[in-house]
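Enquirer: Structure of the sequence below:
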Amino acid sequence: QVQLVESGGGLVQPGGSLRLSCVASGSISSIGFVGWYRQAPGKERELVASMPADGTINYADTVKGRFTISRDDGRKMAYLQMNNLKPEDTAVYYCREGVLVTISTGFVHREFWGQGTQVTVSS
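Expert: Predicted structure coming up:
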């Protein structure tokens, strides 16, 4: 089994910064897609930033220039650096990864979500 655990959320004032982390554990052969999503109260979950294995990076227009996604596959870590935070960034943030899982008969590709970490931007 594979688990993703996010950390780094919290309460921050507008203009502040937070760095979210996502650590993967379990029978992982390799990690492909890495994405950060968020869900605000009453809204649908949306993609914030993504970084497939080829390194191509995409950001939602609302966070371009403020957020930076990165990954350290050797440590099975993914990060989201969030700068110049705004109240509208308030949400639960989730990481999602496409993982090649080692099983008894070989490998299987699965996608996993973390449990989420709350980010609140307020004065």
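
Enquirer: Next one: the residue of the chain positioned farthest from its centre from Q1, what distance?
Expert: For the chain, the largest distance from the centre (Cα atoms, centre = their mean) belongs to T105, which lies 29.7 Å off. In this view, T105 and Q1 are 16 Å apart by Cβ to Cβ, to the nearest Å. Using the backbone N, CA and C atoms, a C-beta is placed for each residue, glycine as well.

Enquirer: Any stretches of the protein with poor pLDDT?
Expert: Judged against pLDDT under 70, the chain has no low-scoring part.

Enquirer: Pull out the buried positions in stretch 68-81.
Expert: Residues of stretch 68-81 classed as buried: 69, 71, 76-80 (neighbour count, 16 or more other Cβ atoms under 10 Å).

Enquirer: which among these gets closest to Q13?
Expert: L80 (18.5 Å; Cβ to Cβ).

Enquirer: what ranges do the strands span in the chain?
Expert: 2-7, 10-12, 18-26, 28-39, 46-51, 58-59, 67-72, 77-82, 91-103, 106-113, 117-121 (DSSP state E).
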